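Q: here is my input; please provide its structure:
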Amino acid sequence: MTYSFFNGFFQNLILKTETYYLQNSFNTSLRPTALAGVISKLEQLKNNTTSDNVTVGRQICLVNLQDQQEYQVELVYPQKHKPSAGRYSVISDLGVSLLGRSKGEMAEVNILGKPVLFMIKDIGLIKK
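A: Below you'll find the model as predicted:
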């Protein structure tokens, strides 16, 4: 009984920590080479009018492969970053790992030194 309580408590703590990490942008200062890579990808994707690839302005449905939890996120430019509203900057850890990927691909984000895999379940255009 005690073991199951602590196991449930520990799993809940891990989930809350992962969620907190994703909702706070710790990657606000990319190395120049990494930032250049993001800019290059954005340039390649800017004329993409289909919803095949993840780019700024797309709604993405992600599945955390560790606990099967689904997340709806929107990729935005840094000034519109607001994780509590589901908007993640293209230069955040999550944004960098998603940029340019397509439906069915995996994106890996290191959370507190541990890799967490997300599968891109769906990509859509933002409805305004």
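
Q: low-confidence regions, the chain specifically.
A: Counting by pLDDT under 70, the ranges of the chain that qualify are 1-6, 10, 13-30, 48-51, 127-128.

Q: residue contacts, the residue most central in space within it?
A: Taking Cα atoms, centre = their mean as the criterion, Leu94 is the residue nearest the geometric centre of the chain, at 3.2 Å. If a contact means Cβ atoms under 8 Å, 6 or more residues apart in numbering, then Leu94 has 22, 73, 88, 107, 109, 118 as its contacts. All C-beta spots, glycine's among them, are computed from the backbone N, C-alpha and C.

Q: now those in CSV, with secondary structure?
A: Formatted as CSV, the contacts of Leu94 follow (DSSP: H, G, I helix; E, B strand; the rest coil):
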residue, secondary structure
Leu22, helix
Val73, strand
Tyr88, strand
Ala107, strand
Val109, strand
Phe118, strand
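
Q: which residues of the chain fall in helices?
A: Counting by DSSP state H, the chain has helices at residues 2-22, 32-45, 93-98.

Q: what sits against the nearest residue to Ser97 once chain neighbours are set aside?
A: Once flanking residues are discounted, Ser97 sits nearest to Ala107: 4.2 Å by Cβ to Cβ, 6 or more residues apart in numbering. Counting by Cβ under 8 Å, 6+ apart, Ala107 makes contact with 62, 94, 97-98, 101, 117-120.
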